[in-house]
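> Got a sequence here, can you build the structure:
(3 chains)
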Amino acid sequence: MAEKLLELNNLKTSFRIKDDYYAAVDEVSLTVNKNEILAIVGESGCGKSALAFSIMGLHTRAKIEGDILFKGNNLAKMSPSEINKIRGKDIGFIFQDPLTSLNPLMEIKDQIGETLLLHNKNMSKTQRYERVLDLLNKVGIPRAEHVMNQFPHELSGGMRQRVVIAMAIANKPELLIADEPTTALDVTIQSQILELINKLKNEMDSGIILITHDLGVVAEMADRVAVMYAGQIVEIADVKTLFENPLHPYTKSLLNSVPNANEEQDKLHVIQGIVPSLQNLPREGCRFADRIPWVDESEHDKHPELNEIEPGHHVRCSCYKHFSFPDESKEGQHVLS
Amino acid sequence: MWKFSVRRTLIMIPQIFLLSILIFVLAQLMPGDALSGTVDPNVDPERLDEIREQMGWNDPWHEQYARWMGGVLQGDLGQSFRFKMPVTELIGQRIVNSFWLSVATLILTYLIAIPLGITSGRYSDTFRDQLITGYTYVGFATPLFIFALVMLWIFGFQLGWFPTSGSVEPGVEPGTFNYFMSKVYHLLLPALSMALITTYGTIQYLRNEIIDTKQKDFILTARAKGASESRVYNRHIFRNSLLPIAAFFGFEITNLIGGSIFIENIFGYPGMGQLLVESISLRDYTVLTAVTLIFGVASILGALLSDIILSIVDPRIRIK
Amino acid sequence: MSYLEVKDLKVHFPIKGGVFGRTVAHIKAVDGVNLSIEKGKTYGLVGESGSGKTTTGRAIIGLNNITAGQVIFDGEDITNIRRAKSDARKDVQMIFQDPYSSLNPKKRVMDIISEPLRNFENLSRKEERIRVQELLELVGLSPESILKYPHEFSGGQRQRIGIARAIALKPKLIIADEPVSALDVSVQAQVLNFMKEIQKELDLTYLFISHDLGVIKHMCDEIGIMYKGRYVEEGTAEDIFTNPQHIYTKRLVAAIPDIDPNKREEKRKFREEVKKEYDQSFNDYFDEEGLAYKLQPVSDTHQVALPERG
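Numbers count the residues shown, from 1 in each chain, chains lettered A, B, ... in the order given. This is a model prediction of the structure:
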């Protein structure tokens, strides 16, 4: 039995726009176990980053409802000083853009050192810098004793992302949240960074939440996958099931729209319409209904919930049951219409 | 960094040279000279022309300029007609006064601007912030000379807390502690009056920098490390926002020069600003050109200083 | 006779330094690139950041100064395209990467799309309006949107406005610089499909610049791989993806994440092997400066940068 590390129960994160609250994350329930990578996929605006920020308590002006249970303690109910003891120590965070997520005026050793300093009050300066050196070596930075005295702008993008990772793992966190960690990087650097994350996961036995829009990265990295659309999880399954037997129409559409390096396809699948903005989210019914207009209304649930179809495989709404794409030959028409 | 500083300093030389030509030519273009209007009307105009000829005032401008510049380079700014003493000596006493007034004003400006700017930026869009920005608007809208007059009237004449003119109590022995205290005492009111008004720019600048830095990604990184709110502000936001203030320093000096002209005249403070106004009304062109040149050089040096300061404190420039 | 031919293109940027800011060295952003595209085909230019792929594209259309070399388009020398006869300037257009920043936010769609028309064609107000509406319809946007501003559109729609602007003058060659990199997959699919469709309809030739090998494979007939301003390999999509010869290409192709989770282990092992080969044979494939050699043909369609034999 896998050891449960993080459990979200009915998480709802809303932002105030004018006089109303709009939920960027809605009805999200999931678990992350030790030594497991849970990937959260979705397109921009689906709420995946908002979800990650909610877990870390990084939203400054959001209303958070529901439970965020980290090893049984509810992060959502903690005071700022309590949560500061967990952030950076038990939960590490890797940000998307290594260019902007490092302080331009601080030496590398002090940026990584800060994470150590904040959670190890008794560590001497020498010990701290030794540990920084260890960390830099661990994330594969060459000439670490030189790099630790440098400033971020002196390093390449890949090296900076390694520094960000070193910062996140400095205190051997049990949970690591990586928000699009390789999106800003070249493909060869990406594969190195992903390899590194994998290696660290095995070494530290941590649970990882990997947020990405890249299905290739998901296929390479994840143990389980949650697909998000319009603030909700529409499907969760282990990685093989999700790629071999996707059920929700959104998951299917997404998989069909990726240019696949292995197959010849002349035409990629196109999802009709656009991702609704936060203020235009349908507040009831299936949120994906507008984008599969050929599916009859009766196929959708009135109040779609995430149902367990088979052990470990959850799908929202029942519209998946008889779902198929319209005749692909007609597909071209709505591209131009 | 050395290369940068040397290059930056070299660029300054042609700047100053052009400035000196400009000042000299403008002074030449002004109507009248030191003799007009003040000499006994019974003196023969031919005699006046003779004096002008003797002084070389009828020579072409570039010859006069060359003579003047040659002197300046040797530290000789010429003779003042009205004060009947070398300009160098005349400026000597006043430049020190002006320098201390500027230093005092700068210190007060930052003493006011930094806490107010930080509060305003950190608690942006709260009541505190609105109060502070309200103050900066008032500072922006109030003419310095009116404000200075009001300050002088209230604190100098009505309350009698501060002296109303001069830079030191007459008769105090130079070099003693009393002399020093008297100097500071005379400085305070003019410096405070100027600082209260001119500080608005620095406050607004700092506020905007902080609001800007607050939204940077690396602030999120700091929070994700578990840094407390106060540490996030002290270690990351303030430090990074104060840097550009260093770049603002050059601008501050230019401001100061402009302000000192009003302030020194209103408070009867014997400095360069006062001398400038006197020399204009007395048509004492040697003094006028000298003072303007010094002001100009001070502005250029201020800009140089802020560039060099920035290159020292900002690692991104330091490397280049 | 190829439609676009680039011969030994060089774009060097000066580096200023020293006390007097003299030119002390050059960055060789593009250093001897040759490529040729057949009419109606799509040529993919691939490389990582700093490889010079974007600079190559921008140099062809005259946005970067060409240091040396020649660009021949439809038999005409357009090396100095900005001074060339206006025909070439009409015939070659560009689609930019970022649909969020490449459209002027203060202009209406009508003005954005009609700008090239105003520069090159004398149309009456009414004719112009009709043309813009036709173009919008062609890119799948409603003709009523001519009075809207860019911020009222989604990313994919904005990129289509960018395309509408690029095809307004009925160009023959389009240089597309990372046209879908800023877009989500489903929107990316829309734009790619659409680009393929108008290619057929308008008989367009594309120079497609991207770092995404999946997209490149989907779109391109021929592919050139760049590294530090030089070509390392050139060939058909088949040559590059199934039979890469240069160690750099092998590594690049190996790094593409596979969408099949079952191949994870296999892929990982393969990558390790390639990495080992890359480290061991780096000196065989690159010169002392770490740059690629000249291209040598290995088949009719396939060229690889290898040291000259003997």
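> host element of the closest residue to residue C:51 other than its chain neighbours?
Spatial nearest neighbour of residue C:51, excluding adjacent residues (C-beta to C-beta, 6 or more residues apart in numbering or on different chains): residue C:226 at 4.2 Å. C-beta coordinates here come from the backbone N, C-alpha and C atoms, glycine included. According to DSSP states H and E, residue C:226 maps onto strand C:222-227.
> Just want the angle from the helix or strand just after that strand to strand C:222-227.
Following strand C:222-227 in sequence order, the next helix or strand is strand C:230-236 (DSSP H and E). For strand C:230-236 against strand C:222-227, the angle by axes from the mean of the first three to the mean of the last three C-alpha atoms, to 10 degrees is 160 degrees.
> Give me the contact list for strand C:230-236.
With contacts defined as C-beta atoms under 8 Å, 6 or more residues apart in numbering or on different chains, strand C:230-236 is touched by C:31-35, C:52, C:221-226, C:240, C:243-246, C:248-249, C:285, C:291-292, C:295, C:299, C:301-305.
> Could you do stretch C:59-67 as well?
For stretch C:59-67, contacts defined as C-beta under 8 Å, 6+ apart pick out C:4, C:6, C:9-12, C:29-30, C:55, C:58, C:71, C:79-82, C:89, C:92-94, C:175, C:207.
> starting at the chain centroid, how far to that stretch?
The chain centre lies 14 Å from the centre of stretch C:59-67; the measure is C-alpha atoms, centre = their mean, to the nearest Å.
> Quick one: mean pLDDT for it?
For stretch C:59-67, mean pLDDT is 90.
> these two touch, right, the residue nearest to residue C:51 and residue C:33?
Yes. The criterion here is C-beta atoms under 8 Å, and residue C:226 meets it with residue C:33 at 7.4 Å.
> which residues do those two both contact?
Contact criterion C-beta under 8 Å, 6+ apart; residues shared by residue C:226 and residue C:33: C:52, C:56.
> Neighbour count: those two, which is higher?
Set residue C:226 next to residue C:33 and count neighbours by other C-beta atoms under 10 Å in any protein chain shown: residue C:226 wins out with 28 against 25.
> Tell me what the more buried one is bridged to.
residue C:231 (DSSP bridges).
> ok, now residue C:11?
Counting by DSSP bridges, residue C:11 is bridged to residue C:30.
> mean confidence for stretch A:289-296?
Stretch A:289-296 shows an average pLDDT of 87 in the prediction.
> just to revisit the earlier point, which of the contacts of strand C:230-236 fall in strands?
Members of the contacts of strand C:230-236 lying in strands (criterion: DSSP state E): C:31-35, C:222-226, C:295, C:303-305.
> sorry, back to before: any idea how far the residue nearest to residue C:51 lies from chain B?
28 Å (C-beta to the nearest C-beta, to the nearest Å).
> Pop out the phi and psi values for residue A:178.
Per-residue torsions, residue A:178: phi -120, psi 110 (degrees, to the nearest 10).
> Now do the contacts for the nearest residue to it once chain neighbours are set aside.
When the adjacent residues along the chain are set aside, residue A:178 lies closest to residue A:94, with 4.1 Å between them (C-beta to C-beta, 6+ apart). Neighbouring residues of residue A:94 by C-beta under 8 Å, 6+ apart: A:161, A:164-165, A:168, A:176-179, A:181.
> Give me the three-state assignment for residue A:21.
At residue A:21 the chain is in strand, as set by DSSP: H, G, I helix; E, B strand; the rest coil.
> List the residues that contact it.
A:14-15, A:63.
> Now residue C:77: phi and psi?
phi -80, psi 120.
> neighbours around it, how many?
Neighbours around residue C:77, by other C-beta under 10 Å: 13.
> so what's it up against?
Listed by C-beta under 8 Å, 6+ apart, the contact set of residue C:77 reads C:70-71.
> Can you check the pLDDT for residue A:264?
Residue A:264 carries a pLDDT value of 65.
> cool, and residue B:272?
If you check residue B:272, the pLDDT there is 88.
> The one 4 residues further on too?
Model confidence at residue B:276, expressed as pLDDT, equals 87.
> What ranges does the chain have for its helices?
In the absence of a named chain, this looks at chain A. Here chain A has its helices, by DSSP state H, at A:48-56, A:80-86, A:108-119, A:125-138, A:144-147, A:157-169, A:187-204, A:215-221, A:239-244, A:249-257, A:331-336.
> That was the other one, I meant chain C.
Under DSSP H, chain C gives helices at C:53-60, C:86-91, C:109-120, C:125-138, C:155-167, C:185-202, C:213-219, C:237-242, C:247-255, C:264-285.
> Those helices: lowest mean pLDDT?
The minimum mean pLDDT among the helices of chain C belongs to helix C:86-91 (a mean of 80).
> Could you look up the SS state of the closest residue to residue B:102 other than its chain neighbours?
Leaving aside its sequence neighbours, residue B:102 sits nearest to residue B:256 (C-beta to C-beta, 6+ apart; 5.1 Å). Secondary structure assignment for residue B:256 (three-state DSSP): helix.
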